[in-house]
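J.: no sequence for this one, just the structure:
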RNA sequence: GGUCUCUUAGCCGAGUGGUUAGGCACCGGUCUGCAAAACCGUUUACGGCGGUUCGAAUCCGCCAGAGACCUCCA
């Protein structure tokens, strides 16, 4: 099926038809985590958003090279008294090697992304592994006259750049406003203009992470790594660059400027930005006390959480909001998502057991068409999910004998749900994992429930209720049905 | 202060110039020895005030409120 995918391009502020530069190949770059802290809820949003994009493009038959970087150097910390590399600062506090910190949190990130069923990217480059390339790009920018040296550091000359190119196009800013509005920050006196930003920063004596260069012992500036790694792995022109909305300015704006200031013709065709998450209507922030790590979410240990929430609940919940809207986390909303997802999975089990009739009493191709329309409309997963729920209603009606499905439609419907629920939305049923506690356990539970069934037939309610209550206490949920029982583990 | 976005029923969250989003909760029902689960049905909307229009929750203006970025952050 030929699909026309529309995506919202932050650059044009419009939905545009997605047309790859070199079909069937698609280059996708997404800003990954800074690995100086435990993965939190905020990391889940972009990871899941672009996971959907990656999965859908792959489903459409594109050969996608998905690059998602690991930022392990180069992010200056300006709220502190001195401009110190974040990683280095944390390392000193913990008395660890910087690379030890980086490795630890990278591993943690991977673990939790796997839990969320986020596919690994094709390439996951690290900033620290591309110092040479970053220095090379600085030389190019210097050679082209868009940067200057000051006290061993190299700054990007935004004012000069703005005369030849437009600076601020992505984030809708103009340079005059910015010059009059910028506050006094660290290193300002080294800069010619307040809007200039660092390409290379000379390391202070206490700064542990440092690399030699012809300018000074130091480290690369904030924005350089993405310019460099995007170019290295996806070429001078590539299709999609994604990231959180908070990165639009200055990070992505600076990235564009760096790219344009280089030799060659650098260009990203589509810029995509996911919106942020809030918790009980508030921005998530360390200072606000509502900063929830993924570990806390899964074990329910944060004081704002009434219960643990499984990674799939988080994923499903995030997918029930459109990626360009903010999404608000609250216990009530999460519990609603948890139940809704359960209903979807129950229906998928039902679908597997349905019996076909001569013909269908509903139009399957219409549902299929609607599902594709939804995902094609800038990855509108909430609408997609609503159509899947419409199908749930039909599946249940068929089970109840109030609707019918033909043999071929049944096969197609199974395929449709497999494609959308598992392949594209990337949801996985968690009950199957729980049920994998062993064949023996399964047999034993079945045995007990068969005994209960007999007790019920003998109207021995005392025995049947005892079995039910005690199994329930052990975490086995019993569902009595018309012709017997079903059960699942909590 | 600057730039921008948002405001939808009890909660979350889509969308559209005139026709049911969806999920959860509530309520009613089916099923059941009772219950749970499951399923079916159903109620409550579009921040306020103006304007454009045959018609606006959807377009425009003003007001109020919330948020984002401008400063490390996804």
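T.: Perfect, I can see it now. All of these numbers come straight from a predicted model, not from anything done at the bench.
J.: where does the stretch 101-250 of chain A dip in pLDDT?
T.: Low-confidence segments of the stretch 101-250 of chain A (pLDDT under 70): A:180-189.
J.: try 80
T.: Residue ranges of the stretch 101-250 of chain A with pLDDT under 80: A:174-190, A:205-208.
J.: pick out the residue of it closest to RNA strand B.
T.: residue A:244 (1.7 Å; Cβ to the nearest atom of the strand). Bear in mind the C-beta positions are built from the backbone N, C-alpha and C, glycine included.
J.: ok, that residue - how many residues close by?
T.: Counted with other Cβ atoms under 10 Å, residues neighbouring residue A:244 total 20.
J.: now it: phi and psi?
T.: Phi and psi for residue A:244, reported as degrees, to the nearest 10, are phi -70, psi 150.
J.: apart from its neighbours in sequence, what residue is nearest it?
T.: Spatial nearest neighbour of residue A:244, chain neighbours left out: residue A:46 (5.2 Å); criterion: Cβ to Cβ, 6 or more residues apart in numbering.
J.: with residue A:279 instead?
T.: Nearest to residue A:279 is residue A:290, by Cβ to Cβ, 6+ apart, at 4.4 Å.
J.: my read: that neighbour touches residue A:296, true?
T.: No: Residue A:290 is beyond contact range of residue A:296, at 11.0 Å (criterion: Cβ atoms under 8 Å).
J.: how near is residue A:220 to residue A:71?
T.: Here residue A:220 is placed at a distance of 11 Å from residue A:71 (Cβ to Cβ, to the nearest Å).
J.: now do the shared contacts for these two.
T.: residue A:127 (Cβ atoms under 8 Å, 6 or more residues apart in numbering).
J.: neighbour count winner among the two?
T.: Taking neighbours as other Cβ under 10 Å, residue A:220 and residue A:71 compare with residue A:220 leading, 26 against 21.
J.: burial count for the residue nearest to residue A:244?
T.: Residues lying near residue A:46 (other Cβ under 10 Å) number 26.
J.: and RNA strand B, is the strand or helix carrying residue A:366 touching that?
T.: Taking DSSP states H and E as the criterion, residue A:366 maps to helix A:364-376. No: Helix A:364-376 does not reach RNA strand B (Cβ under 7 Å from any atom of the strand); its nearest approach is 7.9 Å.
J.: mean confidence score for that helix?
T.: Across helix A:364-376, the average pLDDT comes to 92.
J.: quick one: contacts of it?
T.: Residues contacting helix A:364-376 (Cβ under 8 Å, 6+ apart): A:1, A:3-6, A:56, A:380-381, A:383-384, A:386-388, A:390-391, A:394, A:405, A:409, A:412-413, A:416, A:420, A:424.
J.: looking at these, which are in strands?
T.: When DSSP state E is applied, the contacts of helix A:364-376 are split such that residue A:6 fall in strands.
J.: among the contacts of helix A:364-376, which are in reach of RNA strand B?
T.: The subset of those within reach of RNA strand B, by Cβ under 7 Å from any atom of the strand, is A:380, A:383, A:386, A:390.
J.: neighbours of the third one, how many?
T.: Applying other Cβ under 10 Å, we find 14 residues neighbouring residue A:386.
J.: just to revisit the earlier point, how near is the residue nearest to residue A:244 to RNA strand B?
T.: 4 Å (Cβ to the nearest atom of the strand, to the nearest Å).
J.: residues in contact with that residue?
T.: So residue A:46 contacts A:30, A:31, A:242, A:243, A:244, A:274 (Cβ under 8 Å, 6+ apart).
J.: how about these, which pair is most distant?
T.: For these, the maximum inter-member distance is 10.5 Å, found between A:31 and A:274 (Cβ to Cβ).
J.: okay, and the common contacts of the two?
T.: Common neighbours of residue A:31 and residue A:274, using Cβ under 8 Å, 6+ apart, are A:46, A:242, A:243, A:244.
J.: could the residues you listed go into TSV alongside secondary structure?
T.: Below are the shared contacts of residue A:31 and residue A:274 laid out as TSV (DSSP: H, G, I helix; E, B strand; the rest coil):
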residue	secondary structure
A:46	helix
A:242	strand
A:243	strand
A:244	strand
